[in-house]
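Colleague: Sequence and predicted structure below; questions after.
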Number of protein chains: 2
Amino acid sequence: MKPETFDWVIHNAWIVTADKDFTVIENGALAVAGDRLARIWSLDDDPQLPPGRQRLDAAGGIVLPGLVNAHTHLPMTLFRGLADDLPLMTWLEEHMFPAEARYINPDSVYWASLLACAELLLSGTTTIGDAYFLARHVAAAVAEAGMRAVVAQGVIDFPAPGVPDPAEKIGHARAFVNHVAGRADGLIRPSIFCHSPYTCSERTLKEAKQAARDLKVPFQIHLAETGDEYRHLAGKYGCNPVQWMERLGILDADTILVHCVHIDTDDIAVIAGAGAKVVHCPESNMKLACGIAPVPEMLAAGICVGLGTDGSASNNDLDLFGEMGSAARMHKVAMDDPTVMDAATVVKMATIDGAVVLGLDGLIGSLEVGKAADLVVTDCRAPNLVPIYHPASTLVYAARGADVSHVMVGGRWLVQDGRLNGLDLERIVARVKEAVRA
Amino acid sequence: MKPETFDWVIHNAWIVTADKDFTVIENGALAVAGDRLARIWSLDDDPQLPPGRQRLDAAGGIVLPGLVNAHTHLPMTLFRGLADDLPLMTWLEEHMFPAEARYINPDSVYWASLLACAELLLSGTTTIGDAYFLARHVAAAVAEAGMRAVVAQGVIDFPAPGVPDPAEKIGHARAFVNHVAGRADGLIRPSIFCHSPYTCSERTLKEAKQAARDLKVPFQIHLAETGDEYRHLAGKYGCNPVQWMERLGILDADTILVHCVHIDTDDIAVIAGAGAKVVHCPESNMKLACGIAPVPEMLAAGICVGLGTDGSASNNDLDLFGEMGSAARMHKVAMDDPTVMDAATVVKMATIDGAVVLGLDGLIGSLEVGKAADLVVTDCRAPNLVPIYHPASTLVYAARGADVSHVMVGGRWLVQDGRLNGLDLERIVARVKEAVRA
């Protein structure tokens, strides 16, 4: 690509590419042309900065791929901190479901999702895997924020926000997929999400997966999250959660299994054999005391595992940097081995592996020429980022979302100098506060 | 106290007092006169703002006691991220000890400690429990930063920075205590720190504790941190770490045991009976795969447990908000019980309990009239802090150090609007980078 066409040249940076070799460039530069990455190189090899319309001196900070939060529920910012320190079933049945019945509507979903987008952008996430109800309004908020996402319409066997009659749930999901597929900008892709095998019947699961197959979109489900779920399925169907999915014919390369805490070695082989993807949400699993997913074993078996925060009612923030730190630390102590889940592995989970999970790895997840210009720049002046010996370690163990200074999606700066472009945070906050005061 | 004497009135705030009843005031105000808290009240009860020389509208943010980081090693910011994802003994013996021998000197200790102070202040910590060598230079940095601290001189059985001849280690420690005790401002108090029972002989431990007794200062030690240490003591002395301390007569109310991972129910009874204090460092314990300290059991036995980040070589940040979140989450999943380590308990560990550990609870640790004006204000505009239902939950599960907007120590604002007063961060960063480049 001709240097004359470069819109932005970012220089004086550590570049963590997250490419196949996990290439890290110490004194690097990166050029963006239009919505794509046009050139990535070492200034030690070629110190000449090419002409570009604009330049950003990263001042020794780190440039990394935009983070991929592979599982969350954006509208649940409404319920952040509403009911903590409770068992999952109490939390879900006595607090979340009633709160959703009362407070969730198209307006609150839109504003709460925008609040989540603001938090995500400011903390370096550029791509979202979302799963909720009233997904059309989630998608509208994500579009307003200018972010990239796979947005799923939820399916569940009882009346849900926007789907008062459960008989219409699959039809709703199909209509949502067609609605999003008709959009032009390509930043948002649709998906279908079954809440769980304990809230969706055999028929629901089969029909939802069939709809996803027909429409060629990813199918998502919370799976093997709790011991209660495990026992429920064992009692009802005489099998465990992964076996249940297998028996229903749901496991394939377009299925995303979220959590996978209560799985064993045989289950891991089944998931790997099917090529199904997994999303790991360590902070939610810890906070709800669900257990510790065998992520190192899954990775060893060749399963692609992305990283997610889960919703902000069970985390309670959407900071994927914190999630990286928790993922790295939790498995070390759980396995009594400080060498597992090293920093590079965890950075990959939060970038390229998350992109694979969402079916977007051809486009995003690593800094490689030709891919979309989705990237994050950290502020090297933050005292917690000094000194830098190994930038992957800095990102996982010392950086926080607040250390992000610049965020670009598809060649557009959505955050500059730690401030949102284009979103009116004050107004969003006011609207969310109104929604929960109502 | 007469309102005319108020120097500052902070209003429009959630006030998390961390007092005995864990009183939280929703629409609160707080007045500071000189270096003390002069009044704390609900604006619903008395909406009149008294005359004060200056006012701070907290705009719905949270005011909490300055955080107490009860165990860290400030100068180790030099080695942040130098050697991660390694076993503790490899990390310590092959990386940390050699790096210390090469890079630690009075100058590097001073600048690295100032860097740590900058990071701590910006993330809401006002009081530090430090333990390192060349402690005089650590204390000088803390004094320059205007922070409160208990600073300990390290004692170890081999040549250490500033103590080339191990025969002089106890003399060095005594001299340091006398040096600090002679200071006038009262913000810094001295202490003596034995590195561990595997790097300090029986004689060293006894003499160091005796020196601390003679000089009436706290005695600190890393204890029961790893399985290797446990096996080492079992092999050498036929007892476990807590029994070893008991046998040497070291356990009393002025002894601070850091880590206490490898302890059992009998040990907990011994520690509780002696009134010894404990510091919990969950992120370091996780990252080094040391194990999970039985903190809920210690709390149930009445042991006072503070919270620490440990040094930034094993964490790798000094953000006590992150540490609160990790403490709350880790024990839930470890004990398969989401109700343990609730938010209020964890906030107390990071404030009043840490103050008790350091012997400073008469002065700091809670927002109560007459105590020192050490406080933190969070920025309520941060999207991750919206909405607030229970501020303790917000602090533990959603806030990060970067959400701190204002920090006061002894009536002086050291951070305002997220910026350091009085410390030249750019110069500090440059000096630390020079030190590790050397």
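Modeller: Structure received.

Colleague: Looking at chain A, what residue ends up closest to chain B?
Modeller: residue A:402 (3.0 Å; C-beta to the nearest C-beta). (Glycine included, C-beta is placed from N, CA and C.)

Colleague: residues contacting that residue?
Modeller: The contact partners of residue A:402, taken as C-beta atoms under 8 Å, 6 or more residues apart in numbering or on different chains, are A:122-123, A:382, A:418, B:400-403.

Colleague: what's the answer for residue A:353, then?
Modeller: A:304-307, A:365.

Colleague: ditto for residue A:354
Modeller: Residue A:354 is in contact with A:67-70, A:127, A:129, A:279, A:306-308, A:365, counting by C-beta under 8 Å, 6+ apart.

Colleague: part of a strand, is residue A:169?
Modeller: No - under the criterion used here (DSSP: H, G, I helix; E, B strand; the rest coil), residue A:169 is helix, not part of a strand.

Colleague: my guess is it contacts residue A:205, does it?
Modeller: No - if you go by C-beta atoms under 8 Å, residue A:169 and residue A:205 don't touch, sitting 11.6 Å apart.

Colleague: quick one, which of the two is more surrounded?
Modeller: The residue with more neighbours, out of residue A:169 and residue A:205, is residue A:169; 27 against 22, by other C-beta atoms under 10 Å in any protein chain shown.

Colleague: low-scoring pLDDT stretches of the stretch 251-400 of chain A, where are they?
Modeller: Low-confidence segments of the stretch 251-400 of chain A, defined by pLDDT under 70, are absent.

Colleague: all helices of it, in order?
Modeller: With DSSP state H, counting those that start in this stretch applied, the stretch 251-400 of chain A shows helices at A:265-274, A:282-287, A:295-300, A:320-335, A:343-349, A:352-357, A:391-393, listed in chain order.

Colleague: how about these in CSV, adding distance to residue B:275?
Modeller: Shown next, in CSV, are the helices of the stretch 251-400 of chain A (distance: least, C-beta to C-beta, whole Å):
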stretch, distance to residue B:275
helix A:265-274, 48
helix A:282-287, 32
helix A:295-300, 41
helix A:320-335, 29
helix A:343-349, 41
helix A:352-357, 49
helix A:391-393, 39
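
Colleague: Now the phi/psi pair for residue A:155, please.
Modeller: The phi/psi pair for residue A:155 (degrees, to the nearest 10) reads phi -130, psi 130.

Colleague: Is it bridged to anything, and to what?
Modeller: Beta-bridge partners for residue A:155, by DSSP bridges, are residue A:194.

Colleague: now the end-to-end length of stretch A:159-166.
Modeller: Terminal residues of stretch A:159-166 lie 5 Å apart, using C-alpha to C-alpha, to the nearest Å.

Colleague: Name the residues of it that come out as buried.
Modeller: For stretch A:159-166, the buried set under the neighbour-count rule, 16 or more other C-beta atoms under 10 Å in any protein chain shown, comprises A:160-163, A:166.

Colleague: How about the backbone phi and psi for the residue nearest the centre of chain A?
Modeller: Closest residue to the average C-alpha location of chain A: residue A:69 at 1.6 Å, with C-alpha atoms, centre = their mean. Phi and psi for residue A:69, reported as degrees, to the nearest 10, are phi -90, psi 100.

Colleague: Now do the contacts for the closest residue to it other than its chain neighbours.
Modeller: Nearest residue to residue A:69, sequence neighbours excluded (C-beta to C-beta, 6 or more residues apart in numbering or on different chains): residue A:125, at 4.7 Å. Residues in contact with residue A:125 (C-beta under 8 Å, 6+ apart) are A:66-69, A:147, A:318, A:320.

Colleague: if we can go back for a sec, which one of the contacts of residue A:353 sits closest to residue B:297?
Modeller: Nearest to residue B:297 among the contacts of residue A:353, counting by C-beta to C-beta, is residue A:307 at 31.7 Å.

Colleague: Pretty sure that closest one sits against residue A:350.
Modeller: Yes - the criterion here is C-beta under 8 Å, and residue A:307 meets it with residue A:350 at 4.7 Å.

Colleague: Return every residue with contacts to both of those two.
Modeller: Here residue A:307 and residue A:350 share the contacting residues A:68, A:320, A:323-324, scored by C-beta under 8 Å, 6+ apart.

Colleague: just to revisit the earlier point, name the residues linked to the residue nearest to residue A:69 by a beta bridge.
Modeller: Beta-bridge partners recorded for residue A:125 (DSSP bridges): residue A:67.

Colleague: and the residue located most distally from the centre of chain A, which of the three is it?
Modeller: The outermost residue of chain A, judged against the average C-alpha position, is residue A:48 (36.6 Å), by C-alpha atoms, centre = their mean. Three-state assignment for residue A:48 (three-state DSSP): coil.
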